[in-house]
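> predicted coordinates and the sequence they were generated for:
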2 protein chains.
Amino acid sequence: MNPTVSAARPGTIAQHAVEALRRALTSGELSPGDKVRQEEIAAALGTSLSPVREALAILEQEGQVTYLPRRGYYVTELDMDDLREIYELRALLEERAARRALPLLDEDALERVEIAARDCVEAVDGGDVAAELEANRRFHFGLLESPGQNHTLRVIRLLWDSTETYRAMYYNAPEARHEAIEAHDRIMDAARDHDADRLAAELESHRAEALLRLERVLTEGR
Amino acid sequence: MNPTVSAARPGTIAQHAVEALRRALTSGELSPGDKVRQEEIAAALGTSLSPVREALAILEQEGQVTYLPRRGYYVTELDMDDLREIYELRALLEERAARRALPLLDEDALERVEIAARDCVEAVDGGDVAAELEANRRFHFGLLESPGQNHTLRVIRLLWDSTETYRAMYYNAPEARHEAIEAHDRIMDAARDHDADRLAAELESHRAEALLRLERVLTEGR
DNA sequence: GTCCTTTCGATTTTCGAAAATCTGCGAGGA
DNA sequence: TCCTCGCAGATTTTCGAAAATCGAAAGGAC
């Protein structure tokens, strides 16, 4: 009935903690190698340790933090080899998923992707990295979602999750974000034309570009 | 000093709970669709709820249990379409991983795989499904492990984890287990010869056989 | 008879504190 | 000087109980 009242009912505190930690990771509050102090997080969220711990257990499975028993959780550090491997896996799985999904994309689905693309533009203009990351995901997964690919998408999502921290790093460069927008246009075109080969090629070059930028960020950052 | 006493010192209680839950899943104590009562598990392990919850959060990420906020955890149910999709993904990723690892396998690595194969035989003879599952994993991952494939293996492990419950189901049939042993011999031969094409083909037929048996178990079980 | 509300026991979720373990530092000895 | 040992504070891990929520049964109202 009342949208403003019922809005404040998403899930558990643990889920809230997962989201908060994700934000901390993408905003740079937590950087690769940092130790994650449970009490600190709990205090910042105004909760006890239990939900924080559950959230960390989840993020550990996603590869965003690394767990050392009785020593705590640390923000996962990836080197260029890790990123390359993950991007190769993504290439393999995403091309396959995109080719399967493309013929099944109806006007509705394309519409949603289009909206996601626009949200990307908006987020870039507003300089909102978090919103950009979210809309970017919506864009890419919108192209892949199709019946019978749930597990494939779960795996791809895992790969995205484990590199989210680093993706956020290069999105801080404005020119990278603008270039991503243009790539999205080309991808969108190919999707609208239902041209699988072109779509695959555009997605590949989009990924390759991202990897290249990551390399730059990583080598100069160190 | 005392091996029986000092044996109980691997990790945290939460990790212990993960293993216990895995055992319950593969032994059939917990079947697909079952609700997992936290208190029940905690009582069985003689612990409080916190470690159980953490364990469940981990298994949820692996896909072995499904979480419904404020309603609890349920053992994940997979249908034939799910299993087919997961096996296709495995085929894609494992062939790639095997081809990359094969040239890098040294005598030591092959030795470890050989031992795993023997442990499989032993477990089959002893009728120990849990030991068979463990040795079987050691066998297959021993062929894939190689530098620069950590993330690939992480993904493959995820795919194995999410079907572990079902793999345990068909390993209850003795003829399936003996057939697996023979397949392992052929796979081992190909690996020793460093014949990538033959290895890939043998792995593929091993997987296809497993999927076929799963189909039988699933259709008659229902 | 059907639909809606109320209530109760069961279960999940969160808390706050106790217990266990780790890290860093400084004293004592080679 | 370098190393080992052991203590003190910080941090993680686990516990036991309180709070919140859910599902189902019971009780009306129409």
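All right, it came through fine.
> the residue of chain A found nearest chain B: what's it in contact with?
Across chain A, the shortest distance to chain B (C-beta to the nearest C-beta) belongs to residue A:61, at 3.5 Å. C-beta coordinates here come from the backbone N, C-alpha and C atoms, glycine included. Residues near residue A:61 by C-beta atoms under 8 Å, 6 or more residues apart in numbering or on different chains: B:58, B:61-62.
> and it, backbone torsions?
The phi/psi pair for residue A:61 (degrees, to the nearest 10) reads phi -60, psi -30.
> anything in the strand or helix carrying residue A:204 near chain B?
Assigning secondary structure by DSSP states H and E places residue A:204 in helix A:196-221. No - shown here: helix A:196-221 not in contact with chain B (C-beta under 8 Å from any C-beta of the partner chain), separated by at least 14.0 Å.
> and the host helix or strand of residue A:98 with chain B, contact?
Applying DSSP H and E as the criterion places residue A:98 in helix A:80-101. Yes - for helix A:80-101 and chain B, the contact criterion (C-beta under 8 Å from any C-beta) is met by A:81-82, A:85-86, A:89, A:92-93, A:96.
> residue of chain A nearest DNA strand C, please.
residue A:13 (2.8 Å; C-beta to the nearest atom of the strand).
> quick one: low-confidence residue ranges for chain A.
A:1-10, A:221-222 (pLDDT under 70).
> residue boundaries of the helices in it?
Remark: helices assigned in chain A by DSSP state H are A:3-6, A:13-27, A:38-45, A:49-62, A:80-101, A:107-126, A:129-144, A:150-170, A:174-192, A:196-221.
> tabulate those (a markdown table), appending distance to residue B:34.
Shown next, in a markdown table, are the helices of chain A (distance: least, C-beta to C-beta, whole Å):
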| stretch | distance to residue B:34 |
| --- | --- |
| helix A:3-6 | 32 |
| helix A:13-27 | 22 |
| helix A:38-45 | 32 |
| helix A:49-62 | 21 |
| helix A:80-101 | 31 |
| helix A:107-126 | 35 |
| helix A:129-144 | 31 |
| helix A:150-170 | 21 |
| helix A:174-192 | 42 |
| helix A:196-221 | 40 |
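> okay, those helices, which one's buried deepest?
When the helices of chain A are scored by mean count of other C-beta atoms under 10 Å in any protein chain shown, the highest mean neighbour count falls to helix A:49-62 (a mean of 22).
> that one vs helix A:150-170, what angle?
100 degrees (axes from the mean of the first three to the mean of the last three C-alpha atoms, to 10 degrees).
> how about the CA coordinates for helix A:49-62, as CSV?
In CSV, the C-alpha atoms belonging to helix A:49-62 read as follows (Å, rounded to 0.1, in the frame of the first residue of the first chain):
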residue,chain,number,x,y,z
LEU,A,49,30.0,-9.0,15.1
SER,A,50,27.7,-11.9,14.0
PRO,A,51,26.3,-10.3,10.9
VAL,A,52,29.7,-8.9,9.9
ARG,A,53,31.2,-12.3,10.1
GLU,A,54,28.5,-13.9,8.0
ALA,A,55,29.0,-11.2,5.4
LEU,A,56,32.8,-11.8,5.4
ALA,A,57,32.2,-15.5,4.9
ILE,A,58,30.2,-14.7,1.8
LEU,A,59,32.7,-12.3,0.4
GLU,A,60,35.4,-14.8,1.0
GLN,A,61,33.6,-17.3,-1.2
GLU,A,62,33.4,-14.6,-3.8
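> wait, does it contact DNA strand D?
Yes - legend: contact between helix A:49-62 and DNA strand D by C-beta under 7 Å from any atom of the strand is shown at A:49-50, A:53.
> any chance of these in a markdown table, plus distance to chain B?
Listed next are the residues of helix A:49-62 next to DNA strand D as a markdown table, based on distance: C-beta to the nearest C-beta, whole Å:
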| residue | distance to chain B |
| --- | --- |
| A:49 | 9 |
| A:50 | 6 |
| A:53 | 6 |
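> next up, the contacts around residue A:149.
Residue A:149 touches A:97, A:100-101, B:85, counting by C-beta under 8 Å, 6+ apart.
> can you give me the distance of the nearest residue to residue A:117 once chain neighbours are set aside to residue A:112?
Leaving aside its chain neighbours, residue A:117 sits nearest to residue A:184 (4.9 Å; criterion: C-beta to C-beta, 6 or more residues apart in numbering or on different chains). Distance of residue A:184 to residue A:112, given as C-beta to C-beta, to the nearest Å: 14 Å.
> please apply the same query to residue A:198.
Residue A:198 sits 21 Å away from residue A:112, going by C-beta to C-beta.
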